[in-house]
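here you go, sequence then predicted model.
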Protein chains: 4
Amino acid sequence: MIAVLKSNATKQQIDNLVEWFEKQGLRVNESKGEYCTVLGLIGDTTRIDTDLLQGLDIIESVTRISEPFKKANRKFHPEDTIVDIGGVKIGGGNFAVMAGPCSVENEEQIIETAKAVKAAGATLLRGGAYKPRTSPYDFQGLHEEGIRLLIKAREATGLPIVSEIMSPEQLPVFEEIDCLQVGARNMQNFDLLKALGKTKKPVLLKRGLSATLKELLMSAEYIMSEGNPNVILCERGIRTYETYTRNTFDVSAIAALKELSHLPVVADPSHATGKVSLIKPMSMAAIVSGADALEIEVHNCPKKALSDAAQQLTPDQFVGVMEAIDKARSII
Amino acid sequence: MIAVLKSNATKQQIDNLVEWFEKQGLRVNESKGEYCTVLGLIGDTTRIDTDLLQGLDIIESVTRISEPFKKANRKFHPEDTIVDIGGVKIGGGNFAVMAGPCSVENEEQIIETAKAVKAAGATLLRGGAYKPRTSPYDFQGLHEEGIRLLIKAREATGLPIVSEIMSPEQLPVFEEIDCLQVGARNMQNFDLLKALGKTKKPVLLKRGLSATLKELLMSAEYIMSEGNPNVILCERGIRTYETYTRNTFDVSAIAALKELSHLPVVADPSHATGKVSLIKPMSMAAIVSGADALEIEVHNCPKKALSDAAQQLTPDQFVGVMEAIDKARSII
Amino acid sequence: MIAVLKSNATKQQIDNLVEWFEKQGLRVNESKGEYCTVLGLIGDTTRIDTDLLQGLDIIESVTRISEPFKKANRKFHPEDTIVDIGGVKIGGGNFAVMAGPCSVENEEQIIETAKAVKAAGATLLRGGAYKPRTSPYDFQGLHEEGIRLLIKAREATGLPIVSEIMSPEQLPVFEEIDCLQVGARNMQNFDLLKALGKTKKPVLLKRGLSATLKELLMSAEYIMSEGNPNVILCERGIRTYETYTRNTFDVSAIAALKELSHLPVVADPSHATGKVSLIKPMSMAAIVSGADALEIEVHNCPKKALSDAAQQLTPDQFVGVMEAIDKARSII
Amino acid sequence: MIAVLKSNATKQQIDNLVEWFEKQGLRVNESKGEYCTVLGLIGDTTRIDTDLLQGLDIIESVTRISEPFKKANRKFHPEDTIVDIGGVKIGGGNFAVMAGPCSVENEEQIIETAKAVKAAGATLLRGGAYKPRTSPYDFQGLHEEGIRLLIKAREATGLPIVSEIMSPEQLPVFEEIDCLQVGARNMQNFDLLKALGKTKKPVLLKRGLSATLKELLMSAEYIMSEGNPNVILCERGIRTYETYTRNTFDVSAIAALKELSHLPVVADPSHATGKVSLIKPMSMAAIVSGADALEIEVHNCPKKALSDAAQQLTPDQFVGVMEAIDKARSII
C-alpha cells in the first residue's frame, strides 16, 4: 500500500502516522519527493481501512498495491477451482450449460422445458421461483411452489437445479436446490453472502449492474471467508448508456476474471443482451473468452402469445445455439 | 402505455395482441404509420410487464407514459408528506439536520458527538452499528452493542436516532431505533424493503449508486405498498467517472424528486463527496434545491490521529456548516 | 414519432400543435388516454427537432419510432456495403486485418513492422502520424514525416494504409493515404465529418468513449449525407467503471451494428482492452460476433526497454493472434 | 509518480528501468515490498507517458502523484485568474450572467432577447450561430449571418458576446466575437484547442459529456500552453443513467474546480438539466458552490407555439431566476 502525504505535513504528523502503521504490524518505507512524501507500507494491509486513511488531513491519496481479495485470488491459488453442482463439474476444463425459463410458471412449462434443454445438451436446469422485480406490482414468482416444481423437473430429467435466493430466511426452502444464485441487485447484500458462506452449497454470484471486477471478487471473498469455497462468478451485463441492448455484455470481464481468480466463470448472455438475436453470437464470444459455463434462458414452445419474452429462446432456437456453442468449444 | 409494432406484424398477430390487452382491462387505440403500427393502451397499466412485451416478436418498442409508481407519486398525492421521527418532523416545510459519526465506536465517542451536534443545532443523531463494507476484512460495526450505545446517547441528549439496518432479521434489535436507514447497496434488497413496509417505522431510503430516480421511487413503492407511508428519500451521490469526489452528488435529483414525489428528501453531502472541504457548499446547494433534511457525518474531537476520516467533520467544522445551512435556509 | 401531451393541455393548444405538425407534412393520429393525450405522427419526421418539442409546455415526452438515420440504416439498404481500401475489400463476407504500431516512430520501425505484419497475414497497415493525446506535453506524432514514412512502408510491402486524421486542414497531407481514421474523441467533430463526406476516401469512424450506437450511426450519416458512402464503423471500447481494462470492449455492439446498419464493422481489441493478454480472446470474440475486420497494434521487435507499450503486440505474439483469428474465422 | 513492479521482475530489468528514469532527469527511490517493488519517481514527470509505462512487462501499475496540469493548477498559481470579456470581468470575485437564445434565429429575436436579458441584469449575451447537432438533418445555425446579427445585438445593447466556434477555419468569422465557446463534443478536439491557444481571445471551455475534471483541465492546458491564459471552465452536465434530466448537473465539480484551478468557472444549468423548472434552483446551487458566472438560455417572448424549447426561459421567467441569483449571491 502506498500513502502519499500532503506537502504541508509536519515532521511530527508524519512520525505519528508512521508509528501508527508500525503498530498495525507494517514496515514503512519513507520517500521524500519535491511536492510530497510517499510512504510505502509493507506487510498484510488487507485490514487497513483506506477510506479512513483517505480522510486524514495530511494524506493526499492512498493506493492499494496488492489486491484486497485473498481467497479468490489466483496469485495465491494458481490452479483452477472446480465446483461440483449435483455431480456436474464446472471449471478446470469442465464446461456446462445451465438452461431453463426465466420464471417457473407451472408444472407443464418447467418439465417440458427441462426435457427440451436436456435433449439439446444442457446439463443443468435454471428457473426462478423468487424473482427480484423493480416494481412491487410485477410478478414475483411462485415461491415455495416454484421450488417444488423445479424438484419435480429434476426428478423427471436428472438435471441438477440452479435457482435464485433473495434472503437468508429462504435457506430452508432451498435445502434441496443444487446451486444457489445471488442476483445482481444482491451482489452487495452482505448478510445474504455471509449466510451462504456458512453453507457448503455452490453459489452462483452475479456481478452487480455497475460493479467493478474487484467489487465482485470482494463479494466472493465474503462467501469464501465464511468457509464456503464453492463460488462461481457470473458476468451478466453491466449498465451503460447503450439502449439497443438491455445491458452491455462485458465479454472481456470473462477473460479478466480468469486471470484474476481461480474461480469458475459463467456467462449469462440472456440477461446481458435482452435480445434473442444476440444470444448465439454472444454465447460463442463468451466461450472463446474462456467462460466455464453459460446460463441461457429457454422457454418451452409457448402456447400463449405473451410468453416468449425478448431474451428467452424457444427450444428450437436453443438447439441452434447449442450447435454454435459446440463449434466455439471445438476451437479452444 | 405505447406499444410500437414491427412493420412485419400480421393482422392476425395484431388482433391477438389487442384482444390480450383488452382482457387485461385496457382500452386500445390503434394507429397505423408508414413503417409501423402504434397501439395506445389506456387504463391501469401498472401491472403490465414491459419486459415481457418487449420480448414479443412483433413488438418494436414499449414506452410507459404514466409512471409505474402510484403511492409515491405527487400526481396522485399533491400535498407534501410529513414524516415524524421521534417527534422531529421532516417535510412540508419542516427541516431537520441528522448528524453523527459514520460508525459508533464507543460510549464516549457517541455521547460526546451527540452532545456536540445537538449544541450546534442538529435535531437527529445518526450513527452506524451495522456497516456494509465492500471487504469482509473491514470493520463491520459494533452491532447490538452499537445500538445500545446509540440509545444511551439518545437518553443523554434527547435526539432521536437514525441508524442503518441491513437485513429483516435485525428488526428486533432496531425495536427502539427511531428511523431505519436502508443503504445504497440495499436499495433493491426487496425482501428487506417488504419487511420494513410491514412496520410503521420511518424509513430513510438511500438511492443506489447507479439507480435512476424512477428505480428509487419504485423501491419506495415497495415499502409503501406494504402499508408503511413513512418513507424519506435520500440522495447520497451516484457513481460516475469522476475520481476527485468519492461519488457525484446529484443535486438536481433533489429538486427532481420534489417534483415527482410528495415524500420528503434528505441529502447526504458526506457520502456524496467524501471530502470535508465540499460539505459546506454542497449542504447549501442541497438546501437551495429543496432538501427537507441533511445527513452529515460528524465525529467528536478526535484524540487518535486516525479517526478524522475524509468525510467526517469535527464538531468545530460542523458549527461552521450549520451557520452556512442557516444562511441558505434564510433565502428560500 | 409519438408525442405525449400533458393532462392539462387545452383543446386550443392541442389544435395549434396538430396544425403545426400538419404544416410539416405529417399526418397526425390523436388518442386520448385517462391521464394524457397521445399524438402519433406519421410521415418523414427526421427533420423534426425532438429537443424543441420536448421543451413545449404542453408536451410530456416525445419518442422517435423510426430511427433518424437513413443512409446508414439496414432497413432501407438491406445488402452489406463493401468498402474497398486500396484494393482490399471489407464487408459482405470480405475480412481484413489492419495491423501496425500505435505511432510511426522512424523508418526502420515502420518498415520492419509492416513486413512483419504482412508476413503474419495482415492485409492493411495501420500507424499513427497525428496522435490525439489528453496532455499537450505528450508525444503528438511525427506529422507529415510520419505520413511520408507510412507511404515508404506501403512501397516496401504493398499494404494499403490506414491513419488517423484530426482536422480538415490535414486533408492535403493525407492525399495518398488509403483510409482516413476518425478517432473516438472526434466522433462528433461535425466539421471534420462533413469535410470527409466531401471526399470519396474510405473513412474508418471510431465510436466515442460514451457514445451510443445511434450516435455513432448519426455521425456516419454526417459523412454519408455529404456524398461519401465509404464508411467503416469501429467498436474500440467504451468508458465504464471497470479499471482492470483500459476501456470496456462492447462486443455485442459489433453484432448489433450489423443488425442496424449495412456498413462494415471493424473491432479494435487493442484500444478496447489496453492489455496484450486480452487481445487474442477478444479478437476471437469480435469475429464470432460478426466483425468484418480487426485493427490490432503491433510493434516490431523492440530494442529499447520502453517501446512495448501495454497494448502493442510483438510480431511473434501477432503470429499467435493471427492463428487464433483463423480458427475463429473457420467456424462462422 | 509511483511505479509498482511485478513480483517476477528481475534485478537486471529493474536496473535497466531505473537507469532509463534517471536519463529522463528523475531521481528514483526504490522500496521492496513482500509482493512487489515500488519505485518513487521524483522530479518533473509531466512528460512521462504513463500509458507507455503501463505497458511494460515488468510494471504492475503506475500512479501519478502530482497532477499533470501545470498552467491551470492552483498549486502553482494560487491567486484567482480574472478573465475580461469585452470589459466584463469574470473570476476573483467578479460575477457575470451570460444569457440569450440557444440559436440566433433572426434579427428581431436576437435583439429583443438581448434587450430583455440586459434589462433583467445579464451582462453578457450568448447565442449560437454554429450549432453542433447529433443529426446532419437538424438545424445547424445561421452561420456568418448569425454572427452578423449577434454583432447587431451588441451594438443595440452594449452586451459583449459569447458564441460557439466549431473549427479553426471559423476563426476569421469570429474576429469580432468577444468570447469563443468550445462545446462539450469538442473538448478534446485538440487542433481547435491549439488554434484558440494562439489567439488572446477569452475561451469558454465546456466539459465533455463523460470527461473527468482532470481531462477538462488538461484541455485547458492545451489552450494555455500555446500562450492564451484567458480560459474559463464550464460545467454543463455529464451523462449518467438518469433520464429525468437531460444530463446530470455536477454541482460539486464547480467547487472542486475552484480548489484544483485558479481559472474562473461558469455553470450552465440550462444544458445541464434541460428543464425550465430546474433552472432557478440549479442557478442558486451553482452560486453557493462558487460559480463565477452562469450561462442561461433565454428566448424572447415566443410568438410561435414551438419556440419555447424545454430549457429556454421566457424573459419573464428569467427575471425570476435573476432575483433568485441575487438572493444566492447575498449569502456568499
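The structure has been received and is ready for your questions.

from here on, contacts and neighbour counts on C-alpha atoms
Will do.

now stretch A:217-234: buried residues?
By neighbour count on 16 or more other C-alpha atoms under 10 Å in any protein chain shown, the buried set for stretch A:217-234 is A:217-226, A:228-234.

among the residues you listed, which lie within strands?
Judged by DSSP state E, strands contain the following of the buried residues of stretch A:217-234: A:231-234.

now do the phi/psi pair for A:L180.
phi -100, psi 120 (degrees, to the nearest 10).

that one: neighbour count?
Neighbour count for A:L180, taken as other C-alpha atoms under 10 Å in any protein chain shown: 23.

same question, A:D15
Using other C-alpha under 10 Å, A:D15 has 11 other residues around it.

ditto for A:K11
Neighbours around A:K11, by other C-alpha under 10 Å: 9.

same thing with A:L159?
By other C-alpha under 10 Å, 26 other residues sit near A:L159.

A:T123 is in contact with that one, correct?
Yes. Between A:L159 and A:T123 there is a contact under C-alpha atoms under 8 Å: 6.0 Å.

one step back: ok, of the ones in strands among the buried residues of stretch A:217-234, which one's closest to chain D?
A:C234 (22.8 Å; C-alpha to the nearest C-alpha).

please list which of the ones in strands among the buried residues of stretch A:217-234 are also close to chain D.
Checking those against chain D by C-alpha under 8 Å from any C-alpha of the partner chain, not one of them is in range.

including pLDDT, could those residues go into TSV?
Shown next, in TSV, are those (pLDDT from 0 to 100):
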residue	pLDDT
A:V231	98
A:I232	98
A:L233	98
A:C234	98
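
now for those residues, which pair is the farthest apart?
Spanning the widest gap among those are A:V231 and A:C234, at 9.7 Å by C-alpha to C-alpha.

intersection of neighbour lists for these two?
Contact criterion C-alpha atoms under 8 Å, 6 or more residues apart in numbering or on different chains; residues shared by A:V231 and A:C234: A:204-205.

what is the subsequent helix or strand relative to the one helix or strand A:I254 maps to?
Assessed by DSSP states H and E, A:I254 sits inside helix A:251-260. Toward the C-terminus, helix A:251-260 is succeeded by strand A:265-267 as the next helix or strand (DSSP H and E).

what residues does whichever helix or strand comes after that following strand touch?
Downstream of strand A:265-267, the next assigned helix or strand under DSSP H and E is helix A:269-273. Under the contact criterion C-alpha under 8 Å, 6+ apart, helix A:269-273 has outside partners A:235-238, A:245-249, A:276, A:278-279, A:282-283, A:294-297, A:311-312, C:252.

how about helix A:269-273: buried residues?
In helix A:269-273, the ones that count as buried by 16+ other C-alpha under 10 Å are A:269-273.

ok, back up a step: contact partners of the helix holding A:I254?
Contacts for helix A:251-260 (C-alpha under 8 Å, 6+ apart): A:73-75, A:213, A:235, A:264-265, A:267, A:285-286, A:289-291, C:244, C:248-251, C:273, C:278, C:281-282, C:285.

narrow the residues you listed to those that are buried.
When the contacts of helix A:251-260 are checked against 16+ other C-alpha under 10 Å, the ones flagged as buried are A:73-74, A:213, A:235, A:264-265, A:267, A:285-286, A:289-291, C:244, C:248-251, C:273, C:278, C:281-282, C:285.

got the residues of chain A near chain C?
So chain A meets chain C at A:210-213, A:240-244, A:248-252, A:255-256, A:273, A:278, A:281-282, A:284-286, A:288-290, A:327-328, A:331 (C-alpha under 8 Å from any C-alpha).

how about the stretch 151-300 of chain A: which residue is closest to chain C?
Going by C-alpha to the nearest C-alpha, chain C is nearest to A:A285 of the stretch 151-300 of chain A, at 4.2 Å.

how close does that residue get to chain D?
For A:A285, the distance to chain D (C-alpha to the nearest C-alpha, to the nearest Å) stands at 25 Å.

OK, contacts around that residue?
A:251, C:251, C:284-286, C:288-289.

now it. Its backbone dihedrals?
Torsion angles, degrees, to the nearest 10, at A:A285: phi -60, psi -40.

and for A:G158?
The phi/psi pair for A:G158 (degrees, to the nearest 10) is phi 80, psi 0.

what is the burial count for it?
A:G158 sits with 17 neighbouring residues when counted by other C-alpha under 10 Å.

which residues does it contact?
Under the criterion of C-alpha under 8 Å, 6+ apart, A:G158 has no neighbours.

tell me the pLDDT at it?
At A:G158, the model reports a pLDDT of 98.

how much space between it and chain B?
Per C-alpha to the nearest C-alpha, A:G158 is found 29 Å from chain B.

what of A:K258?
Applying C-alpha to the nearest C-alpha to A:K258 and chain B gives a distance of 20 Å.

ok, A:R74 next?
17 Å.

what does the host helix or strand of A:L125 rub up against?
Assigned by DSSP H and E, A:L125 belongs to strand A:124-126. Strand A:124-126 is contacted from outside by A:88, A:96-102, A:114, A:117-118, A:154, A:159-163, A:295, A:297, using C-alpha under 8 Å, 6+ apart.

now a PyMOL select for only the buried ones of those.
In PyMOL, this line selects whichever of these come out buried by 16+ other C-alpha under 10 Å:
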select buried, chain A and resi 96+97+98+99+100+101+102+114+117+118+154+159+160+161+162+163+295+297
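
looking at the contacts of strand A:124-126, which are in helices?
The members of the contacts of strand A:124-126 that map onto helices under DSSP state H are A:114, A:117-118, A:154.

against which helices or strands is the lengthiest helix in chain A packed?
Secondary structure of chain A per DSSP H: the longest helix is helix A:315-330. Applying 3 or more C-alpha pairs under 8 Å, 6 or more residues apart in numbering or on different chains; DSSP states H and E, one finds that helix A:315-330 contacts helix A:107-120, helix A:276-288.

most neighbours per residue, which of those?
Comparing the helices and strands packed on helix A:315-330 by mean neighbour count (mean count of other C-alpha atoms under 10 Å in any protein chain shown), helix A:276-288 ranks first with a mean of 26.

next, the angle helix A:315-330 makes with that helix.
Between helix A:276-288 and helix A:315-330, the angle comes out at 20 degrees (axes from the mean of the first three to the mean of the last three C-alpha atoms, to 10 degrees).

now do helix A:276-288: distance to the chain's middle.
Counting by C-alpha atoms, centre = their mean, to the nearest Å, helix A:276-288 is centred 18 Å from the centre of its parent chain.

neighbours of A:D178, how many?
Using other C-alpha under 10 Å: A:D178 sits among 22 other residues.

and the nearest residue to it once chain neighbours are set aside, how far from A:R148?
Spatially, and ignoring its direct neighbours in sequence, A:D178 is nearest to A:I161 (5.2 Å; C-alpha to C-alpha, 6 or more residues apart in numbering or on different chains). Separation of A:I161 from A:R148 (C-alpha to C-alpha, to the nearest Å): 11 Å.

and A:R126, how many neighbours?
As a measure of burial, A:R126 has 28 neighbours, counting by other C-alpha under 10 Å.
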